[in-house]
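**Student:** Here's a sequence, model it:
(chains A, B, C and D)
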2 protein chains.
Amino acid sequence: MNPLDSARWSGSEPRTQDPCLGCASKRFGICHPLDTSALDEISHDSDRHCLPAKSVLFREGDAATRSYSVLEGTVKLSRLLPDGRQQVVGFRFRGDLVGYTAGPNYPFDAELLTPGQFCRIERGKLDTLLRRYPLMERRVLDMCLGELAATQEHLVTVARRSAESRVAAFLLGLSEAHRRRGLAQPELPMPMTRGDIGDFLGLTLETVSRTFTAFKRAGWIAEPGGQKLRILDMGMLQSLAAGEMADI
Amino acid sequence: MNPLDSARWSGSEPRTQDPCLGCASKRFGICHPLDTSALDEISHDSDRHCLPAKSVLFREGDAATRSYSVLEGTVKLSRLLPDGRQQVVGFRFRGDLVGYTAGPNYPFDAELLTPGQFCRIERGKLDTLLRRYPLMERRVLDMCLGELAATQEHLVTVARRSAESRVAAFLLGLSEAHRRRGLAQPELPMPMTRGDIGDFLGLTLETVSRTFTAFKRAGWIAEPGGQKLRILDMGMLQSLAAGEMADI
DNA sequence: CGTGTCCTTGATACACATCAAATAGGGTGG
DNA sequence: CCACCCTATTTGATGTGTATCAAGGACACG
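**Tutor:** Numbering: from 1, shown residues only, chains lettered A, B, ... in the order given. The predicted model follows:
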């Protein structure tokens, strides 16, 4: 399971890039398995939001009263540590559900890295919907199992792999997450800073920067600018992620 | 959320230490919220198993055809890395559900550290039960959300904390997990080896051993032998886990 | 009593953190 | 269009926490 991509589209239908109809778009996110009447009800209970980059959806410790289905944009989930550093727990993309958690308070901050659109729904209403529509509850359970597997995978990466391996694994994960959603563009959008990546991988931003430089010099990736990244040697990144040492 | 204790008993009822009636014990594990007729059906679909220490419930990559509700014993979940090392993803105790995962194959090994008892159920049958009993599905979702939060918490520990902090956090988590279940015994059972703990915390067994020695010398813990551990200065462990440095 | 497994302890090495400073890029206002 | 500022990035020099390598000791078990 890809640590950056916890959502799994059920079935294998190609993603249509239909204009986004909101949460109540039949083929989208948690609403994917629902019929028309259910979608109608959801439209009543939820509402659309557009937010600029750097907006905060919620903060660690806030009462977890709302959940967000991501329609567009990239979200960073992070925990603050007592010493002021942060640990990025994950990134979320189109189709993911954010903020539906165990316990009464959010366990992490959720912050936008890009402008984004969301379908926002009150926790209580979502619970009611889940009771009413078993298919939806089942879908949420599946997404949760997926997130769990992804987080475990990421745990392995952080606990055991070298800096090189971690960065390679991150790039592959990001690529996979985007491939799953939109059409596979050769240019991968990468809105996160070196600092974000470091906080995700358990490295300092300097180490991340050095590793990116090394990968670029070796010709395995390129950064054409504009928050974009291009993977030039996928195979090499795969061997690195698997743990084979490169003598750069 | 405690990274060693993903299960959360709903409500706050004190755990009765009733003789274990199997999975179909009303107040237990995933069956906790069910009524009598549901428990009857489950009794038909599942069966009890007793296994000695070091038994393997399943291996990473096996077809995920069965799930196990832990009635008694400690289970180690671990992933094998290409270089032969392992990462322990978590420990599971009484009341936890093991092996109900996203995807068609188990993503980790499950191995007994102590003798154990389990309620085993076919994946397909469990899925059917979940469809039939929404309360049970809801309970599984809650447990999954709990596991997710616990794994994220553990991720922070492994990615960001010093060896001392990690070991302190591990001991506190273990203590909490046991407090939640049985009566709080002063002697904490600790069936895992230094190697297991190291593989859980992203440390080598030598580092874990040194840290235990230091903690014992400082008088914060004691090991009376027989796989038991006693915490003598909970407060000190808490400050260590929170990240305050001790000059041992 | 031997053998295997786990644990402890010491000496040394190294990958990455930390500290420091220069450079690049992107947006804003004059 | 340019000057400025702020943030992100790069690069270098140095330090250190933990891994690694190595060897001996404790304990359980047959």
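
**Student:** Contacts (any at all) between chain B and the helix ranked longest in chain A?
**Tutor:** Once chain A is assigned using DSSP state H, the helix that runs over the most residues is helix A:134-160. Yes - against chain B, helix A:134-160 shows contacts by CB under 8 Å from any CB of the partner chain at A:134, A:137-138, A:140-142, A:144-149, A:151-156, A:158-160. Heads up, the C-betas are built off the backbone N, CA and C, glycines and all.

**Student:** cool, and stretch A:237-245?
**Tutor:** Yes - using CB under 8 Å from any CB, stretch A:237-245 comes into contact with chain B via A:242-243.

**Student:** do that stretch and DNA strand C meet?
**Tutor:** No - judged by CB under 7 Å from any atom of the strand, stretch A:237-245 stays clear of DNA strand C, getting no closer than 8.4 Å.

**Student:** Tell me where chain A has strands.
**Tutor:** A:46-51, A:56-58, A:66-72, A:75-80, A:86-92, A:97-98, A:109-112, A:116-122, A:188-189, A:221-222, A:228-231 (DSSP state E).

**Student:** List the neighbouring strands of the last one plus their orientation.
**Tutor:** The sheet places strand A:228-231 alongside strand A:188-189 (antiparallel), strand A:221-222 (antiparallel), with pairing taken from DSSP bridges.

**Student:** Distance from the longest helix of chain A to the middle of the chain?
**Tutor:** Distance of helix A:134-160 from the chain centroid (CA atoms, centre = their mean, to the nearest Å) equals 11 Å.

**Student:** by contact count, what packs against it?
**Tutor:** On a contact count with 3 or more CB pairs under 8 Å, 6 or more residues apart in numbering or on different chains; DSSP states H and E, helix A:134-160 meets strand A:86-92, helix A:123-132, helix A:163-180, strand B:86-92, helix B:123-132, helix B:134-160.

**Student:** Now distance to residue B:61 too, for these, in CSV please.
**Tutor:** Below are the helices and strands packed on helix A:134-160 laid out as CSV (distance: least, CB to CB, whole Å):
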stretch, distance to residue B:61
strand A:86-92, 24
helix A:123-132, 32
helix A:163-180, 19
strand B:86-92, 14
helix B:123-132, 16
helix B:134-160, 20
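
**Student:** among these, which is nearest DNA strand D?
**Tutor:** helix B:134-160 (9.9 Å; CB to the nearest atom of the strand).

**Student:** Could you break chain A into its assigned domains?
**Tutor:** Domain ranges of chain A: A:29-151, A:161-242, per automatic domain parsing.

**Student:** I'd like the mean pLDDT over the first one, please.
**Tutor:** Here the mean pLDDT over domain A:29-151 is 90, rounded to a whole number.

**Student:** Flag every residue of chain A that's near DNA strand D.
**Tutor:** Within chain A, the positions adjacent to DNA strand D are A:193-195, A:205-206, A:209-210, A:212-213, A:223 by CB under 7 Å from any atom of the strand.

**Student:** ok, and of the residues you listed, which contact DNA strand C?
**Tutor:** Contacts with DNA strand C are made by residue A:206 out of the residues of chain A next to DNA strand D, judged by CB under 7 Å from any atom of the strand.

**Student:** Pull out the buried residues from the residues of chain A next to DNA strand D.
**Tutor:** A:194, A:210, A:212 (16 or more other CB atoms under 10 Å in any protein chain shown).

**Student:** Now intersect the residues you listed with the helices, please.
**Tutor:** Per DSSP H, helices hold the following members of those: A:194, A:210, A:212.

**Student:** Including pLDDT, could those go into CSV?
**Tutor:** CSV is the format used below for these (pLDDT from 0 to 100):
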residue, pLDDT
A:194, 98
A:210, 98
A:212, 98
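
**Student:** from the residues you listed, which single one is nearest DNA strand C?
**Tutor:** The closest of those, once distances to DNA strand C are taken by CB to the nearest atom of the strand, is residue A:210, at 8.3 Å.

**Student:** Pull up the gap between that closest one and residue A:163, please.
**Tutor:** 8 Å (CB to CB, to the nearest Å).

**Student:** same thing with residue A:52?
**Tutor:** 33 Å.

**Student:** more neighbours, those two?
**Tutor:** Taking neighbours as other CB atoms under 10 Å in any protein chain shown, residue A:52 and residue A:163 compare with residue A:163 leading, 17 against 10.

**Student:** how about residue A:228, what does it touch?
**Tutor:** A:187-190 (CB atoms under 8 Å, 6 or more residues apart in numbering or on different chains).

**Student:** what is it paired to in the beta sheet?
**Tutor:** Beta-bridge partners, per DSSP bridges, of residue A:228: residue A:189.

**Student:** Distance check, it against chain B.
**Tutor:** 27 Å (CB to the nearest CB, to the nearest Å).

**Student:** again with residue A:172
**Tutor:** 15 Å.

**Student:** what's around that residue, how many residues?
**Tutor:** Neighbours of residue A:172 under the rule other CB under 10 Å: 19.

**Student:** Filter the residues of helix A:134-160 next to chain B down to the buried ones.
**Tutor:** Judged by 16+ other CB under 10 Å, buried ones among the residues of helix A:134-160 next to chain B: A:137-138, A:140-142, A:144-149, A:151-156, A:158-160.

**Student:** Go through the strands paired with strand A:228-231 and name the closest to residue B:121.
**Tutor:** Between residue B:121 and the strands paired with strand A:228-231, the shortest gap by CB to CB is with strand A:188-189, which sits at 42.1 Å.

**Student:** who touches residue A:102 in this structure?
**Tutor:** Taking CB under 8 Å, 6+ apart as the contact definition, residue A:102 lies against B:1, B:8, B:142, B:145-146, B:148-149.

**Student:** Please list only the buried members of the contacts of residue A:228.
**Tutor:** Judged by 16+ other CB under 10 Å, buried ones among these: A:188-190.

**Student:** Please produce JSON lines containing those, extended by distance to residue A:38.
**Tutor:** Shown next, in JSON lines, are these (distance: CB to CB, whole Å):
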{"residue": "A:188", "distance to residue A:38": "35"}
{"residue": "A:189", "distance to residue A:38": "32"}
{"residue": "A:190", "distance to residue A:38": "36"}
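
**Student:** So what pairs up with the most centrally placed residue in chain A in the strands?
**Tutor:** By CA atoms, centre = their mean, chain A has its centre lying nearest to residue A:92, at 2.1 Å. On the basis of DSSP bridges, residue A:92 is bridged to residue A:75.

**Student:** was I right about it contacting residue A:71?
**Tutor:** No - using CB atoms under 8 Å, residue A:92 is not in contact with residue A:71; the gap is 11.6 Å.

**Student:** Next, the closest residue to residue A:174 other than its chain neighbours: phi, psi?
**Tutor:** If the residues on either side of it in the chain are set aside, residue A:174 comes closest to residue A:4, at 5.6 Å by CB to CB, 6 or more residues apart in numbering or on different chains. Main-chain dihedrals, residue A:4, degrees, to the nearest 10: phi -100, psi -10.

**Student:** burial of residue A:4, as a residue count?
**Tutor:** When neighbours are counted by other CB under 10 Å, residue A:4 comes out with 23.

**Student:** ok, it - contacts?
**Tutor:** Residue A:4 is in contact with A:90-91, A:150, A:154, A:170, A:173-174, A:176-177, counting by CB under 8 Å, 6+ apart.

**Student:** and what of residue A:130?
**Tutor:** A:136-137, A:140, B:138.

**Student:** Next, find the distance separating it from residue B:139.
**Tutor:** Going from residue A:130 to residue B:139 by CB to CB gives 13 Å.

**Student:** hang on, isn't residue A:157 packed against residue A:169?
**Tutor:** Yes - applying CB under 8 Å, one finds residue A:157 in contact with residue A:169, separated by 5.1 Å.

**Student:** who has more neighbours, those two?
**Tutor:** residue A:169 (26 against 23).
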